[in-house]
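Student: Need a 3D model of the following:
(one chain, ligands or ions: 1)
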Amino acid sequence: MKKVRVGVMGAGRGMAMINQLMNSEDAELVAICDFYAPILEQARQEVEKHNLNVKTFATFDEFVQYKDMDAVVLANYADEHAPFAIRCLDAGFHVMTEVLTCANMKQAVELIECVERHPDLVYAYAENYCYFNTTAEMRRLYQQGKIGEIVHAEGEYVHDCSSIWPQITYGQRNHWRNCTAANFYCTHSLGPIVHVTGLRPVQVVGTQSIVLPYMSALGTHGGTGAMEIVTLENGAVVKSLHGDMKREPGSVNYEFYGTKGSMETNRWDLYEMKTYIEGEGCPNCKGELTTYKPGFVGDVDTEAGHGGSDYYTVYYFVRTILGDEEARKESIGVYEAVDMCIPGILAFKSVNNGNIPIKVPNLRNKEERDAYRNDTYCASKAWAGDQYHHPQEAYGELPYIPDEVYDRVKEKWEKDEQG
Ligand SMILES: NC(=O)c1ccc[n+]([C@@H]2O[C@H](COP(=O)([O-])OP(=O)(O)OC[C@H]3O[C@@H](n4cnc5c(N)ncnc54)[C@H](O)[C@@H]3O)[C@@H](O)[C@H]2O)c1
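Tutor: Numbers count the residues shown, from 1 in each chain. As a prediction, this is how the structure comes out:
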């Protein structure tokens with residue numbers, strides 16, 4: 001069988017995909033692109049150890065013209081995925097992007113319409129948190145009706161990145177991690193709830209907590225705690241909480257309450273879960289409580305990053321391209337990807353307008369798209385145009401972070417890089 005030839009753009013997080021592709025039965029790594037020369041060189045040396053013939057590109061313009069490639073993984077900046085995905089799809093490549101899907105509502109519409117223009121190409125969203133042993137099991141149980149219909153759910157992604165901030169922002173004032181709104185990165189807390197239930201968000205109320213002083217001291221305007229209260233299409237309510245709050249190890253947690261039972265991950269061990277299920281004919285409040293660590297799906301490389309979940313993003317993407325219908329069901333397509341992302345974009349608008357409820361549109365419907373076609377409201381200057389809003393607008397006075405902060409972070413990063 002012919003292997004899928006894949007190129008990866010962005011060799012930071014992209015190394016996870018590169019490593020998997022170098023050892024894949026279904027795919028072949030053929031190209032890597034990164035405009036930061038040292039990281040591209042590091043990736044090249046890694047690939048060389050495997051005796052592989054992989055082209056390296058310093059610019060996207062050259063990369064996207066490469067002919068001996070079928071598919072592209074975009075692991076570039078989190079608020080730049082949609083425009084690059086569109087260019088790759090229009091150039092004839094299957095595309096998988098890292099999180100998040102898009103920077104604003106305009107991009108959501110444009111991405112969807114681009115995917116629809118190319119029905120023969122696969123678009124996949126690498127929301128790996130849907131593929132933990134526990135979240136994948138929760139999806140199976142929910143789809144089998146074990147806990148009945150969802151009433152309420154909670155998702156949490158609390159990750160205090162202060163110790164690694166120099167390594168992940170390089171002292172760049174305009175790095176997306178320093179600039180995006182606190183509500184933007186809602187995908188890890190909300191995404192698995194969307195994937196488990198298969199239900200669409202219809203309304204969001206956004207909140208932001210106080211500005212975290214240890215994050216401001218590292219140069220971020222947006223890195224505070226944030227929450228989205230999301231209503232799903234059946235009326236169930238979801239709490240999606242994320243940010244850099246203090247907790248080690250970080251908190252990745254999911255809880256679901258249904259009409260017949262509940263299921264939740266262990267608050268201090270994501271890979272263990274509990275279910276409480278009231279079976280058929282079972283009297284109220286007399287169900288069965290079970291605690292267990294579910295297995296992984298298939299023959300998985302559980303050494304893969306993020307508790308083995310990284311494996312499935314590439315696996316389902318490549319298998320979908322090869323026509324595997326079971327993989328297509330698990331892979332996250334463009335509509336679901338947009339559902340996992342736009343509640344965060346709209347929550348920022350909600351926060352800036354006194355936490356008002358905002359409708360989350362169903363962009364599958366063509367007639368709902370026009371209202372968002374020119375909606376560039378966001379905190380990413382490059383994409384917002386005249387609808388730019390500062391990530392801390394809701395607090396009134398906007399902070400000015402002096403250049404010395406970024407100089408200090410850059411110095412720390414360079415020192416750590418040198419070993
Ligand atoms: N799913 C997860 O668990 C997870 C974990 C970490 C990061 N991520 C995502 O991965 C992506 C990358 O994050 P990161 O941690 O590597 O940091 P990053 O965003 O700083 O790195 C992006 C990399 O892409 C390169 N790049 C950006 N634009 C480019 C362009 N136009 N041409 C060529 N190269 C370009 C940069 O030089 C850099 O090496 C982000 O979208 C982030 O959200 C996901």
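
Student: and the longest helix along the chain, how far out from the chain's middle?
Tutor: Across the chain, the longest stretch assigned as helix under DSSP state H is helix 334-352. Distance of helix 334-352 from the chain centroid (C-alpha atoms, centre = their mean, to the nearest Å) equals 12 Å.

Student: Enumerate every residue touching residue 86.
Tutor: By C-beta atoms under 8 Å, 6 or more residues apart in numbering, the residues touching residue 86 are 110-111, 114. No exception for glycine: its C-beta is placed from N, CA and C like everyone else's.

Student: want to try JSON lines for those, with secondary structure and pLDDT as columns?
Tutor: As requested, the contacts of residue 86 are exported to JSON lines (DSSP: H, G, I helix; E, B strand; the rest coil; pLDDT from 0 to 100):
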{"residue": "110", "secondary structure": "helix", "pLDDT": "98"}
{"residue": "111", "secondary structure": "helix", "pLDDT": "98"}
{"residue": "114", "secondary structure": "helix", "pLDDT": "98"}
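
Student: how far does stretch 323-343 sit from the chain's center?
Tutor: 12 Å.

Student: Residue 324: neighbour count?
Tutor: 16 (other C-beta atoms under 10 Å).

Student: cool, and the one 3 residues further on?
Tutor: The burial count assigned to residue 327 is 20, neighbours taken as other C-beta under 10 Å.

Student: Output the longest helix of the chain as PDB, nothing but the C-alphas.
Tutor: Extracted C-alpha coordinates of helix 334-352, given in PDB (Å, rounded to 0.1, in the frame of the first residue of the first chain):
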ATOM      1  CA  VAL A 334     -13.800  21.100  10.400                       C
ATOM      2  CA  TYR A 335     -17.300  21.700  11.800                       C
ATOM      3  CA  GLU A 336     -16.400  20.000  15.100                       C
ATOM      4  CA  ALA A 337     -13.100  21.800  15.200                       C
ATOM      5  CA  VAL A 338     -14.800  25.200  14.800                       C
ATOM      6  CA  ASP A 339     -17.300  24.200  17.600                       C
ATOM      7  CA  MET A 340     -14.400  23.500  19.900                       C
ATOM      8  CA  CYS A 341     -12.800  26.900  19.200                       C
ATOM      9  CA  ILE A 342     -15.300  29.700  18.600                       C
ATOM     10  CA  PRO A 343     -16.900  29.600  22.100                       C
ATOM     11  CA  GLY A 344     -13.500  31.000  23.300                       C
ATOM     12  CA  ILE A 345     -13.500  33.700  20.600                       C
ATOM     13  CA  LEU A 346     -17.100  34.700  21.500                       C
ATOM     14  CA  ALA A 347     -16.400  34.500  25.200                       C
ATOM     15  CA  PHE A 348     -13.800  37.300  24.800                       C
ATOM     16  CA  LYS A 349     -16.500  39.400  23.300                       C
ATOM     17  CA  SER A 350     -18.800  38.400  26.200                       C
ATOM     18  CA  VAL A 351     -16.200  39.400  28.800                       C
ATOM     19  CA  ASN A 352     -15.700  42.800  27.200                       C
END
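
Student: which other residues reach the next helix or strand after it?
Tutor: Next helix or strand after helix 334-352 toward the C-terminus (DSSP states H and E): strand 358-359. With C-beta under 8 Å, 6+ apart as the test, strand 358-359 has contacts from 202-206, 346-347, 349-350.

Student: With stretch 295-305 instead?
Tutor: 16, 20, 23, 131, 133, 136, 308, 310-312, 330.

Student: ok, and the most crowded of those residues?
Tutor: Neighbour-wise, the contacts of stretch 295-305 (other C-beta under 10 Å) top out at residue 131, 29 neighbours.

Student: what's the residue in the stretch 201-350 of the chain positioned nearest to the ligand in contact with, if anything?
Tutor: The ligand sits closest to residue 306 of the stretch 201-350 of the chain, with a gap of 5.3 Å, by C-beta to the nearest ligand atom. By C-beta under 8 Å, 6+ apart, the contact list for residue 306 reads 128-129, 132.

Student: So which of those belong to strands?
Tutor: Of the contacts of residue 306, none are assigned to strands by DSSP state E.

Student: Kindly identify which of the residues you listed also come near the ligand.
Tutor: Filtering those for neighbours of the ligand using C-beta under 6 Å from any ligand atom leaves residue 128.

Student: Please identify which of the contacts of residue 306 is nearest to the ligand.
Tutor: Closest to the ligand, out of all of the contacts of residue 306 and judged by C-beta to the nearest ligand atom, is residue 128, at 4.8 Å.

Student: so who does the closest residue to that closest one other than its chain neighbours touch?
Tutor: With sequence-adjacent residues excluded and distances taken as C-beta to C-beta, 6 or more residues apart in numbering, residue 128 is closest to residue 309, at 4.3 Å. By C-beta under 8 Å, 6+ apart, the contact set of residue 309 is 128-132, 135.
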